[in-house]
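> build the 3D model from these lines:
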Amino acid sequence: MELRRIPWDRDDPPGEGTLRRRLEEEGFEVTAWRDPADRRYDAHRHACDESLWVVRGEIVLRVGADDYALGPGDRLLLPRGTEHTARAGPDGATYLIGQRRVE
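Modelled structure (predicted):
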């Protein structure tokens, strides 16, 4: 998996059920997550590949010196072992976390 941001390219807002199905079809185990306004996560890593897909609100992930700002429908592919921080937006964030073990 390669680190990359995939912006939402449709006019209609994303539906949580549709996004969940797409992640599951790609082999991810999916968890819905909600962060309150301005929630911060210190630097950390994951032992599996992740895909974060925003349903509502905003979240910014920082990898090294690069910020990846995600809004509704935006997605970030995060390879396992990538150190990152995260900060929810002023209205919080609701997103799906897809995790896929690497063999």
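> who does the lengthiest strand in the chain pair up with?
Using DSSP state E, we find that the single longest strand of the chain is strand 84-100. If you go by DSSP bridges, strand 84-100 pairs up with strand 29-35 (antiparallel), strand 40-44 (antiparallel), strand 49-63 (antiparallel).
> centroid residue for this structure?
Of all residues in the chain, the one closest to the mean position by C-alpha atoms, centre = their mean is residue 52, 1.8 Å from it.
> you'd agree it is up against residue 99?
No - the criterion here is C-beta atoms under 8 Å, and residue 52 misses it with residue 99 at 10.2 Å. To be clear about C-beta, it is placed using only N, CA and C from the backbone, and glycine gets the same treatment.
> so what secondary structure elements neighbour the one helix or strand in the chain whose mean pLDDT sits lowest?
Across the helices and strands of the chain, the lowest-confidence element by mean pLDDT, DSSP states H and E is helix 16-25, at a mean of 94. Packing partners of helix 16-25 (3 or more C-beta pairs under 8 Å, 6 or more residues apart in numbering; DSSP states H and E): strand 29-35, strand 49-63, strand 84-100.
> for the closest residue to residue 47 other than its chain neighbours, give me its contacts.
Excluding the flanking residues, the one nearest residue 47 by C-beta to C-beta, 6 or more residues apart in numbering is residue 80, at 5.9 Å. Residues near residue 80 by C-beta atoms under 8 Å, 6 or more residues apart in numbering: 1, 45-50, 102.
> quick one: mean pLDDT for stretch 65-78?
For stretch 65-78, mean pLDDT is 97.
> so how far is that stretch off the chain centroid?
Put simply, stretch 65-78 sits 7 Å off its chain's centre (C-alpha atoms, centre = their mean, to the nearest Å).
> just the endpoints, please. Distance across that stretch?
End-to-end distance of stretch 65-78 (C-alpha to C-alpha, to the nearest Å): 15 Å.
> show me what counts as buried in it.
For stretch 65-78, burial by neighbour count (16 or more other C-beta atoms under 10 Å) applies to 68-70, 72-78.
> quick one: low-confidence ranges for the protein?
Counting by pLDDT under 70, the chain contains low-confidence ranges at 102-103.
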